[in-house]
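A.B. asks: Give me the fold of what follows.
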Amino acid sequence: MQDGQTERVLTITGWLGHHRRTMIGLLAGLLIIVRLDTVSSQGLSSSNMSRSHAAGWVADCGDGTYINPVIFADYSDPDVIRVEDDFYMVSSSFNCTPVIPVLHSKDLVNWTIIGHVSENLPSPVFGVPQHGKGCWAPSIRFHDGEFYVFYG
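C.D. replies: A predicted model of the protein is given here:
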């Protein structure tokens, strides 16, 4: 940390407060999953693309395989943790609100946005849009029944 910078910590409670589990694994830098044993041999064929785009992007083929990208969106600087049988991911939101999306998955393929760390940026200085500033590179952790998000 550089001089003059302070470490910011947000405790996620409420929407995840009901989880009282211990962290049993940690994955970092997840955006596109590459598991060669389960990648669809069809890949991004035109039939898969038309099936997926007809109802919005669906990476899960429904037969135990999937198509990359797993998340068809820009989730910059993702950080993922595993808490028992559940996976939680956070990613940068920069100067956009709500701040830092939180996603949930049971299988690392099907992700759902379950909330955000905050509705607003942490300082009134962000009342005016400021490109390249805001909340970036978050890190999610679980300890003693609570989730914590650290960000730069």
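A.B. asks: what ranges do the strands span in this structure?
C.D. replies: 8-12, 23-28, 79-83, 86-90, 99-105, 111-118, 139-143, 146-151 (DSSP state E).
A.B. asks: Out of those, flag the one nearest G56.
C.D. replies: Between G56 and the strands of the chain, the tightest spacing by C-beta to C-beta is seen for strand 111-118, at 12.8 Å. Placement of C-beta: from N, CA and C, glycine included.
A.B. asks: what's next to the closest one, contact-wise?
C.D. replies: Residues from elsewhere that reach strand 111-118, judged by C-beta atoms under 8 Å, 6 or more residues apart in numbering: 10, 12, 15-16, 70-71, 89-90, 93, 98-105, 135, 138, 149, 151.
A.B. asks: Any regions of this protein where pLDDT drops low?
C.D. replies: Within the chain, the segments meeting pLDDT under 70 span 1-55.
A.B. asks: hmm, back to that, quick one, which of the strands of the chain is nearest to W57?
C.D. replies: Using C-beta to C-beta, the strands of the chain put strand 111-118 closest to W57, at 10.9 Å.
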